[in-house]
Every structure is written in C-alpha cells, then in structure tokens.
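Enquirer: generate a structure from the sequence data that follows.
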Amino acid sequence: MKSLFDVPAPAKLNLFLHITGQRPDGYHLLQSVFMLIDWCDTLHFERRASGAISREDLTTPLPPNDLITRAALLLQQHTGCTQGVHIAVEKQIPAQAGMGGGSSDAASCLLALNRLWELHLKLPELEKLGLQLGADVPFFLRGQNAWVEGVGEKITPISLPPAQFWVIKPDSGVETAQIFKHPDLQRATNPATISVFAADPYDFGHNDLQPVAQVICPDVSQALQVLSDAGMRGKMTGSGSAVFAHSTSGTTLRPVPDLWQVRKCSNLDVHPLQGWASSES
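Expert: Just a heads-up that it's a prediction; the model follows:
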C-alpha cells in the first residue's frame with residue numbers, strides 16, 4: 001500500500017452544551033452530545049520512504065504546524081516509524097466554527113497513517129495519542145455519535161434518528177479561550193440524563209457558551225436570526241461561531257451576507273472510517 005486517497009474527516013455538531021461546574025484546576029465540567037454530519041474535509045496520503053512528512057493545502061491555507069502535521073509527527077515519533085508521507089488537504093470545514101474540523105482531521109490522519117504505515121496500533125493506543133492533540137480527537141477516533149461528560153473524557157455511544165440540519169457559519173470566528181475566561185459565562189447548569197435527552201434529541205437543552213459568544217461576535221446573533229426567521233430554533237455548536245437548526249422538509253433560508261457559509265447537512269450514523277483500527281485493548 002503506497003497511498004490512500006479521498007480519506008474523509010467529518011465535522012460534528014454539539015446538539016447541546018451544558019457547563020455543570022468547574023474543577024479546582026480550572027477545567028470546566030461539561031455535558032454534551034456530539035453528532036457527526038456529512039460536512040467533511042478530505043485528506044490524501046502518499047507514502048514516502050525517506051521519512052519526511054510534508055503537507056499540501058489544496059483549498060484553504062493552514063498553519064505550518066497544524067493538527068494534521070502534528071498528528072503525523074506524533075505517530076511517527078511514538079512508533080519509531082521510518083516511513084514518511086505527503087498529505088494533500090481539501091479543507092471544507094470552516095475554522096473557528098465549533099465543528100471540530102481540526103480534531104477530525106487529526107483523527108483521520110492517525111487512522112490513515114496507522115493503516116498506510118502498517119503500524120497495527122489498537123484504537124485505545126491511538127486515543128491516547130489523540131488526546132495529546134485535542135480533547136475532541138478521541139470522539140472522532142471512536143466514530144460514533146456520543147454523550148460526552150466530564151472534561152470531554154467520558155464518551156458514551158448513543159444512537160440518533162436520521163435528520164437534516166441547516167448549518168450557518170458567519171465569516172467571523174470566536175476564540176474559545178476568550179469565551180471560557182469571560183466573567184459572564186454560566187457554569188452551573190443542572191446535570192441532565194440521557195433518557196430525558198433521548199425523548200426529544202433535536203430540541204433538547206441549550207449551549208451555555210452561546211450568550212457570551214453573541215456578545216463577543218454579533219454575527220452569531222445575526223445567524224441565529226436567519227434560522228428564527230425560517231421558523232426554526234437555532235443553537236450554536238461548540239464555541240461557535242457556527243449555528244444550526246433541525247430542518248423540517250421544505251424549509252428554506254433567506255440570503256445571508258457574502259462570505260458566510262450555509263449548508264444543509266445530514267447526520268451520520270457512524271464515522272466513515274469506523275473499524276480502521278481494532279477496538280481491542
């Protein structure tokens with residue numbers, strides 16, 4: 001095997017995001033449901049015998065040391081692998097959106113290189129590496145929609161009914177750290193249960209980060225208004241600035257400003273790469 005082309009890296013939406021407390025070390029305790037959607041980046045891998053790792057940006061330019069490159073280097077160093085790779089990236093998931101694009105890219109990179117380099121690492125070992133890259137990477141490695149708790153380390157797979165969602169990403173973004181350090185951030189939402197969520201999964205809960213994000217980035221409010229004008233209840237995903245709403249048939253949106261991105265997405269039952277690494281410990 002010398003190459004792997006058209007490797008998908010899907011985005012996620014947070015169906016809700018509640019902050020239930022804060023640990024003494026400053027980390028926030030969360031509850032959320034992460035749902036995979038069919039808005040994807042695409043990665044292409046060509047094996048190199050030299051050991052060199054290089055990256056080519058086919059669409060949006062990425063930082064030199066982005067999560068894809070860091071994932072490849074981390075896997076190479078962890079295993080002592082002497083092979084290298086050239087990675088071409090078709091970036092479609094917007095940055096600073098709360099959609100997990102960077103974490104998803106890192107997860108797909110780990111899964112693809114584990115196969116391309118014939119390393120045969122099990123999923124638990126890849127998850128430990130992924131956690132060094134970002135808190136959301138293990139979710140994408142596991143490849144199932146999930147109830148997430150704690151600081152993001154408690155991941156319980158769940159099933160969700162098929163549905164479609166309007167997703168709007170304003171041109172402006174939001175810095176996650178800026179939200180979490182904001183004095184107005186609410187940190188004491190009562191814990192929820194999976195059974196209560198499951199009774200109405202697409203209209204449950206709220207995003208505790210959203211009110212602060214709307215202050216920092218007024219475009220979030222404008223995007224939510226677009227969804228409201230179409231008769232839908234919008235919510236922000238993650239730390240924003242993307243917002244979404246469960247779409248019923250025939251729903252259309254009014255035009256949005258130039259440079260905004262709008263897509264009608266379907267949720268995924270499982271990650272397209274699920275099973276690429278054995279889950280046996």
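
Enquirer: would you map the strands across the protein?
Expert: Remark: strands assigned in the chain by DSSP state E are 3-22, 28-48, 53-57, 84-90, 146-150, 154-157, 164-169, 235-236, 243-247, 261-266.

Enquirer: what's the angle between the third one and strand 28-48?
Expert: With axes from the mean of the first three to the mean of the last three Cα atoms, to 10 degrees as the basis, strand 53-57 and strand 28-48 are set at 100 degrees to each other.

Enquirer: parallel or antiparallel, list what pairs with strand 53-57.
Expert: Partners of strand 53-57 in the sheet, by DSSP bridges, are strand 84-90 (parallel).

Enquirer: residues in contact with the residue lying closest to residue 70 once chain neighbours are set aside?
Expert: Computed as Cβ to Cβ, 6 or more residues apart in numbering, the closest residue to residue 70 that is not its neighbour in sequence is residue 133, at 6.0 Å. Yep, even glycine has a C-beta here, placed from its N, CA and C like the rest. By Cβ atoms under 8 Å, 6 or more residues apart in numbering, residue 133 lies in contact with 67, 70-71, 74, 103, 106.

Enquirer: now, which of the residues you listed lie within helices?
Expert: Counting by DSSP state H, the contacts of residue 133 place 67, 70-71, 74, 103, 106 in helices.

Enquirer: ok, residue 57 - how many residues close by?
Expert: Residues lying near residue 57 (other Cβ atoms under 10 Å) number 14.

Enquirer: which residues does the closest residue to it other than its chain neighbours contact?
Expert: Spatial nearest neighbour of residue 57, excluding adjacent residues (Cβ to Cβ, 6+ apart): residue 89 at 5.5 Å. Counting by Cβ under 8 Å, 6+ apart, residue 89 touches 41-44, 55-59, 62, 68, 105.

Enquirer: residue 208 too?
Expert: 17-19, 185-187, 189.

Enquirer: check the residue nearest the centre of the chain and give its pLDDT.
Expert: In the chain, the residue lying closest to the centroid (Cα atoms, centre = their mean) is residue 100, at 2.1 Å. pLDDT, residue 100: 97.

Enquirer: now do residue 281
Expert: Per-residue confidence (pLDDT) for residue 281: 58.

Enquirer: now residue 151
Expert: 83.

Enquirer: any idea how many residues pack against it?
Expert: 13.
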